[in-house]
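Participant: my questions are about this predicted structure, shown below with the sequence.
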Amino acid sequence: EDNLGNKINKRMIGIQLGAYNNEINHVKLGPAKSLYYSINEVYYVCASTLKYLVSIIKGSGDSSQLGGPIRIAKVTGQVAEFGILPFLSMMAYISISLGLINLFPIPLLDGGHLMFYSLEKILGKPLSQKTQEGFFRIGMFLLLSLMFFATFNDLKDLGLF
């Protein structure tokens, strides 16, 4: 369990409750050291996000920990009670995770567009309109499925299912 009494079996994408207690130590760092720690933290968030997603795909991860907008709102309210710094840190984690996911090669996301540009460069011509539309439909199905699943987990977490 975390500091808020929530049962956590695996880390959730981007945010981790329990990282904050009632005491926060402030350490002054110079610009170079701040940049170093920031890069390490971004790397940690990205690596944790990827490890979690791979574990779900392999079937070894707990997919019930995948939350959507309802859980994010709930956790945001809980973390905000700890103060502005934990709240801003959580917002940064969520932003980094969403930015990383946006780079996945799924049509409709920026990573999907980069994939199409790469294929166009390799093939020497763009994919046909029909092929692109097919990929976009698949991407839409994947994204809507993920959104539905995350929202279902949120509603289940609230005891509605």
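Facilitator: Yes, it's here.
Participant: what segments of this protein are helices?
Facilitator: 31-58, 69-80, 84-102, 110-123, 129-157 (DSSP state H).
Participant: using TSV, lay out those together with mean neighbour count.
Facilitator: (Glycine included, C-beta is placed from N, CA and C.) Listed next are these as TSV, based on neighbours: other CB atoms under 10 Å:
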stretch	mean neighbour count
helix 31-58	13
helix 69-80	16
helix 84-102	16
helix 110-123	13
helix 129-157	14
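Participant: quick check: the gap between the residue nearest the centre of the chain and Thr76.
Facilitator: Nearest to the mean C-alpha position of the chain, by CA atoms, centre = their mean, lies Ser97 at 3.5 Å. Using CB to CB, to the nearest Å, one gets 14 Å for the distance from Ser97 to Thr76.
Participant: check Val42 too.
Facilitator: 20 Å.
Participant: ok, now Glu120?
Facilitator: Noted for Glu120: a distance of 40 Å to Thr76, by CB to CB.
Participant: same check on Ile101?
Facilitator: Here the criterion is CB to CB. By it, Ile101 lies 18 Å from Thr76.
Participant: ok, Glu133 next?
Facilitator: Noted for Glu133: a distance of 37 Å to Thr76, by CB to CB.
Participant: and Ala47, by the same measure?
Facilitator: For Ala47, the distance to Thr76 (CB to CB) stands at 23 Å.
Participant: can you list the low-confidence ranges for the chain?
Facilitator: Residues of the chain meeting the criterion pLDDT under 70: 1-25.
Participant: show me the domain layout of the chain.
Facilitator: Following automatic domain parsing, one gets these domains for the chain: 1-102, 104-161.
Participant: next one: the last one to chain centre, how far?
Facilitator: Its chain's C-alpha centre lies 15 Å from the corresponding centre of domain 104-161 when counted by CA atoms, centre = their mean, to the nearest Å.
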